[in-house]
Structure formats: structure tokens, C-alpha cells
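Trainee: Could you work out the structure for the sequence below:
(2 chains)
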Amino acid sequence: AQKITQTQPGMFVQEKEAVTLDCTYDTSDQSYGLFWYKQPSSGEMIFLIYQGSYDEQNATEGRYSLNFQKARKSANLVISASQLGDSAMYFCAMREIGTGNQFYFGTGTSLTVIP
Amino acid sequence: NAGVTQTPKFQVLKTGQSMTLQCAQDMNHEYMSWYRQDPGMGLRLIHYSVGAGITDQGEVPNGYNVSRSTTEDFPLRLLSAAPSQTSVYFCASSLWTDPETQYFGPGTRLLVL
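Mentor: Here you go, the predicted structure:
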């Protein structure tokens, strides 16, 4: 079974609009962390936001917020006020803290911001 | 503070050749890891290390060896390259106490003919 599922291969959003990128995860660990990374066309991996499994509040970092629904095992990324520079691949990832700190990545969502 | 560095940036190998991908960090991070990224897929963990002298296998370890003799360096060895190992390889590191911020290197693009 896939540990991380991203069901949207590609998304389009109008500049200045908000967009939600979906992510669901599968784990039996009680202690885990959820991450979102951005990968622009230049190829580097850029950390965006983190949510711990015990965190009760949704994580926020500037225009990024993580909509964490533990019972549904979902960790959607919300980008507010999209900018042209947000066009990139976005990866959801999970670290299972209880089983040796392995990381698992989803297949990614390609986001295109339209002027 | 150079962060995470990887060499080479690009490499072409013939099937059966061996080589070592270098990874170094100058942030005194305990945790280091190697990933591969194939087209249409996310990153998959190959091997990781939680400190000098300690390594463990990730999701796709076959065909790769690692060692961690120092905190700074975490080389990845391809024992006998195969076309299926054509990929982009990323090294990453983080503090054990701050795992949510995982720093990635710029990547090594490997082509096996």
C-alpha cells in the first residue's frame, strides 16, 4: 500500500487565488511527521511546512498552511494568494518516527499559476 | 556554511561500472539520507544514517552501499551500475532534534548506459 498518496498530478490556479493540494497518508505509527516540499524546475527541494502527529493546531508558514485531519489521515497544503513563482512540483512526505525515521514521499502535484 | 554539497552534479556510467556519489554537510547534522527520484515519482529513500558508524536501509537499498565514518560525510556507492539506476540522487541531512527541517543537496543526475 502507498504510504503517501497525491491524487492530483496537475493543478492550475489563477494568480492571487488560493489553491489546495491534496495528500493522504497511511501509517500505523502514533508518532509521525508530515511535510510539504516544493521542487521548482531548477530541481532543488525546498522545505515548506511541517505538521507533527501530536500537534493539535494546523501548521502555518506565511502563505502556506497545512490542513491536518488526523482521523481522515489527510494533510492538504493550502497556498493562499498564489504567485507566479509558486509554479512548481509539490511533494507531500511523511516521517514515521516510531519505525526508524524513514521518510516516504508522494508522487507529487505539478502546480501552474496562470497570470 | 556550505549546507549540503553533492558531487558530481552529473555522471554517465556504463553498465557494470562502479562509482561513489559524494555527500557532505557542515552543519553537524546527525541524520543523513540518500534518495533517488525517478520521472513521475516522488523521492524514494535508499539508505539513511542517524550518526557516525550507524546506517540502515530505506525503501530501495538494493544495488547501493553506504558508510558513515564521520558526521560530515555520507557517500553512496553503486557496486555494479545498471540502467535501472538511472535517476537523480539527492542527499539530505537534519538535526536529530529538528527533523522537520531536512536540508537537501542540489542532486546528482546519473545516467547508466
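Trainee: quick one: the strands in the chain?
Mentor: In the absence of a named chain, this looks at chain A. A:4-5, A:10-14, A:19-21, A:24-25, A:32-39, A:46-52, A:60-61, A:64-69, A:74-79, A:88-96, A:102-105, A:109-114 (DSSP state E).
Trainee: My question was about chain B, not that one.
Mentor: With DSSP E as the criterion, chain B has strands spanning B:4-7, B:10-13, B:19-25, B:31-37, B:43-51, B:54-57, B:64-66, B:76-78, B:87-95, B:98-104, B:108-112.
Trainee: Using PDB, write down the CA coordinates of the last one.
Mentor: It refers to strand B:108-112. Extracted as PDB, the C-alpha positions of strand B:108-112 are listed here (Å, rounded to 0.1, in the frame of the first residue of the first chain):
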ATOM      1  CA  THR B 108      23.400  14.300  -8.800                       C
ATOM      2  CA  ARG B 109      22.000  13.300 -12.200                       C
ATOM      3  CA  LEU B 110      23.200   9.800 -13.100                       C
ATOM      4  CA  LEU B 111      22.800   8.100 -16.500                       C
ATOM      5  CA  VAL B 112      23.700   4.400 -16.800                       C
END
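Trainee: Next, count neighbours for the residue lying closest to B:I54 once chain neighbours are set aside.
Mentor: Nearest non-adjacent residue to B:I54, counting by CB to CB, 6 or more residues apart in numbering or on different chains: B:R68, 6.6 Å away. Where you see a C-beta, it was placed from the backbone N, CA and C, and this is true even at glycine. B:R68 is flanked by 20 other residues according to other CB atoms under 10 Å in any protein chain shown.
Trainee: surely B:R68 meets B:Y48?
Mentor: No. Using CB atoms under 8 Å as the test, B:R68 is too far from B:Y48 to be in contact (9.5 Å).
Trainee: Can you pull the residues that touch both of those two?
Mentor: B:M32, B:T55 (CB atoms under 8 Å, 6 or more residues apart in numbering or on different chains).
Trainee: Enumerate the residues of chain B near chain A.
Mentor: B:31, B:33, B:35, B:40-45, B:48, B:50, B:56, B:58-59, B:88, B:90, B:92, B:99-104, B:106-107 (CB under 8 Å from any CB of the partner chain).
Trainee: Measure how far the helix or strand of chain A at the bottom of the mean pLDDT ranking is from the centre of its chain, please.
Mentor: The weakest-scoring helix or strand in chain A, judged by mean pLDDT, DSSP states H and E, is strand A:102-105 (a mean of 88). Chain-centre distance of strand A:102-105: 13 Å, with CA atoms, centre = their mean, to the nearest Å.
Trainee: Give me every residue in chain A lying close to chain B.
Mentor: So far as CB under 8 Å from any CB goes, chain A lies against chain B at A:4, A:6, A:33, A:35, A:43-45, A:47, A:50, A:52, A:91, A:93, A:95, A:97, A:100-108.
Trainee: Quick check: which ranges of chain A have low pLDDT?
Mentor: A:99-100 (pLDDT under 70).
Trainee: 90 - rerun?
Mentor: A:1-2, A:31, A:56, A:96-103 (pLDDT under 90).
Trainee: show me what contacts the residue nearest to A:L111 when sequence neighbours are not counted?
Mentor: Spatial nearest neighbour of A:L111, chain neighbours left out: A:M11 (5.1 Å); criterion: CB to CB, 6+ apart. A:M11 makes contact with A:V19, A:L21, A:T109, A:S110, A:L111, A:T112, according to CB under 8 Å, 6+ apart.
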